[in-house]
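Engineer: compute the structure for the input listed below.
(chains A and B)
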Amino acid sequence: MSSPSSGAGGPFWDPWEPLRQHVASELARRLASAGAPETVEALLRQLEVASVGVADFGVPVHRAAQAAGVPAERLAERLADGFPLTGGLARVTADGPYVNFHADAPTLVRTTLELVFARAGAYGHAPARTESVCVEHTSANTTGPFHVGRVRNGIIGDTYARTLRAAGFPVVTQYYVDDMGRQSAMITWIWSRPLDRWPAEVREGSALPGAERPASEKPDAWYGRPYRFVSERVKNDPGTAASVGELVRELESGRAPPAHRRLATEILDGMLASLARLSIRFDEFVWESSFVADGSVDRVIDRLRRAPHAQVEENGALTVDAGGYGLPQEKARIVVTRGDGTSLYVTRDIAYHLAKFARFARAVDVLGQDHRLHARTLSALLAELGEERRPEFVIYQDITVPEGGRMSTRQGKAVYLDDLLDEATERARAEVLQRREDLPAEEVDGIAAQVAAGAVRFHILRIAPDKPVKFQWEEALAFDGRSGPFLQYSYARASSILRKAGRERPPYPFRPGALATPEEAALVRAIAGLPGTVAYVARTGHVHTLATYAFSLAEAFNRAYQAVPVLRAEGDLRDARLALVAAARQALGNSLDLIGIARLERM
RNA sequence: GGGCGUGUAGCCUAGCCUGGAUAGGGCACCGGGUUCCUAACCCGGGGGCCGGGGGUUCGAAUCCCCCCACGCCCGCCA
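Structural biologist: Here you go, the predicted model:
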């Protein structure tokens, strides 16, 4: 975590920063004089992780005690004794082999709330940086509607992009549209022929009510209908395989029929409409064919031909021996062109990534676990070309279905995003109507859609990308407990208090000492955790940590809500509590923005 | 067969990178809480050999090795 803060008093955006800096540097000094030198950086890391309930943060001194040759308990006492209580530090205690640090409560309250109010919507964000980042995510084939498995990519990618922006990076999100492969060719192949000449089983399987798309059906759903049946036929019927193959060659040579781009665009529009329901949008769309058309793929092939480990096979295919780049032995020889000299997916992807690096300092690729080897291949080829930069990969595991295996349209084992959101919206509407008879129907609809999106987005985001997600309807549709709607509800509660107090806008004057209950103290600490969480997620790509954090913040808010009356309080107690509610609402709202879940003023 | 990843209560999950204080939560279950700011909430309770075994260490859910289970990849497909 880099910081322009030079310690207490300097500019900072993390309320803990002055205290942590003070503790770390003083502790480093004391450890050095005790004969167990530690760097400030190492101590800051330890302070971050060693925190437990008994203090704000602490550090075990076993190792240092060994280095110094004294018992840990003695060293802890020596380190704690006379520790200067400045920079917001109230107390330092030696608890067995641990040194614990307790923040001065009023100071932490003041520091935190003032920072929140000063930065408002930017609370939690870091100052701007110059390194630009390209985040490529989703990039699903334009063959039909999104199923939930594919959407995990978008949820992770979009959340990471939002977090990197908050961490100060200029971010551009890109969707790489594959318009060159067999998948998209199959769509064009089937839709380029009149309906009465479709193969019987494709026509029957697709169950089209007519030749024209009804207004009620989205283009991705409509044009995607025959996909799995064409795919099946290509596997079983050599004639179909041959004509689709013919079309693929046309696409690769740049002679795509006009219908091809039109179909892809229309289907993509439908797919993007679904993603928009989850607040996922893209800055740019990059068409794979563009790298063939502008000659950059040819230039990549030329460069690879002259690369140190390149070799031309008997039939003319160009390969690169990437054994030296850590690829598994079986896959060490990467095929870069076919025997006829045409490019392959990985070759075009190289051209794409060189284009990324020409514009951006960093490139982040969000990929499913089935692309791990591709990721390593890509890196190996970039190395072979002498490019020093590498994409940073965020890899996530599949969403599986209860009967086993990953979601798959082709196997008919898929839950579609639109269906899930429709069902979730219906349930959310029922929930809203049950408790809010006063709201106009239009607002109920809006709330229901946002609650549904919040539930789905949180449900998928909450799990570490490394782990598989077992899709279960009832869990995906849960609105209570650790869920998106719980966060939205907390935000709505905070909004409601401020609304009823007539204090929806700053200023929020407060006397820090007035916020003295344990629930209020815990809430302040939760609020103070946002900047550190943003920095952590930006550094690691562990986007699910945002979900964990936001939940713990909402939880702290609800506990305080339960324990501490605000509107019924009086005088400076009421003012201070209103300020705390306003700060909690701000921190929670900013967290929701990062997660991509709508803030709801009421629900 | 090889490579990569995952395994934490009935179910779901955080913590693992960077070893440290009684392994945090949620769902479900049991018991409480609303003349009061939205009960989509809060409080209490039971439920864990952290997949198994070995190792390193003062100390292992966390690091290393072996094994087991599950997933994915190992195309001149994308």
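
Engineer: show me where chain A has its strands.
Structural biologist: With strands called from DSSP state E, chain A shows them at A:57-60, A:89-95, A:98-103, A:133-136, A:171-177, A:284-287, A:310-312, A:318-321, A:333-335, A:362-368, A:392-396, A:399-400, A:469-470.

Engineer: tell me the most buried of those strands?
Structural biologist: Most buried of these, by mean neighbour count (mean count of other C-beta atoms under 10 Å): strand A:133-136, with a mean of 25. Quick note: C-beta positions are derived from backbone N, CA and C, even for glycine.

Engineer: now that strand, how far from the centre of its chain.
Structural biologist: Relative to its parent chain, strand A:133-136 has a centroid offset of 12 Å by C-alpha atoms, centre = their mean, to the nearest Å.

Engineer: strand partners of it, parallel vs antiparallel please.
Structural biologist: Using DSSP bridges, the strands paired with strand A:133-136 are strand A:171-177 (parallel), strand A:362-368 (parallel).

Engineer: if we can go back for a sec, could you dump the strands of chain A into TSV with distance to RNA strand B added?
Structural biologist: Shown next, in TSV, are those (distance: least, C-beta to the nearest atom of the strand, whole Å):
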stretch	distance to RNA strand B
strand A:57-60	3
strand A:89-95	4
strand A:98-103	3
strand A:133-136	14
strand A:171-177	9
strand A:284-287	11
strand A:310-312	9
strand A:318-321	7
strand A:333-335	4
strand A:362-368	7
strand A:392-396	7
strand A:399-400	7
strand A:469-470	5
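
Engineer: could you dump those into JSON lines and include mean pLDDT?
Structural biologist: Output for the strands of chain A, formatted as JSON lines (pLDDT from 0 to 100):
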{"stretch": "strand A:57-60", "mean pLDDT": "89"}
{"stretch": "strand A:89-95", "mean pLDDT": "93"}
{"stretch": "strand A:98-103", "mean pLDDT": "92"}
{"stretch": "strand A:133-136", "mean pLDDT": "98"}
{"stretch": "strand A:171-177", "mean pLDDT": "98"}
{"stretch": "strand A:284-287", "mean pLDDT": "97"}
{"stretch": "strand A:310-312", "mean pLDDT": "94"}
{"stretch": "strand A:318-321", "mean pLDDT": "94"}
{"stretch": "strand A:333-335", "mean pLDDT": "92"}
{"stretch": "strand A:362-368", "mean pLDDT": "97"}
{"stretch": "strand A:392-396", "mean pLDDT": "96"}
{"stretch": "strand A:399-400", "mean pLDDT": "92"}
{"stretch": "strand A:469-470", "mean pLDDT": "90"}
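
Engineer: A:A241 is nearest to which of those strands?
Structural biologist: Closest approach to A:A241 among those (C-beta to C-beta): strand A:333-335, 20.6 Å.

Engineer: what helices or strands is that closest one leaning on?
Structural biologist: Contacts defined by 3 or more C-beta pairs under 8 Å, 6 or more residues apart in numbering; DSSP states H and E place strand A:333-335 against strand A:318-321, helix A:372-384.

Engineer: can you give the strand pairings for the shortest one, parallel or anti for each?
Structural biologist: So that's strand A:318-321. Strand pairing (DSSP bridges) places strand A:318-321 next to strand A:310-312 (antiparallel), strand A:333-335 (antiparallel).

Engineer: any idea how far the first one is from the chain center?
Structural biologist: Relative to the mean C-alpha coordinate of its chain, strand A:310-312 is positioned 39 Å out (C-alpha atoms, centre = their mean).

Engineer: ok so, going back, I'd like the strands paired with strand A:318-321 as CSV, with distance to A:H125 appended.
Structural biologist: Shown next, in CSV, are those (distance: least, C-beta to C-beta, whole Å):
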stretch, distance to A:H125
strand A:310-312, 46
strand A:333-335, 41
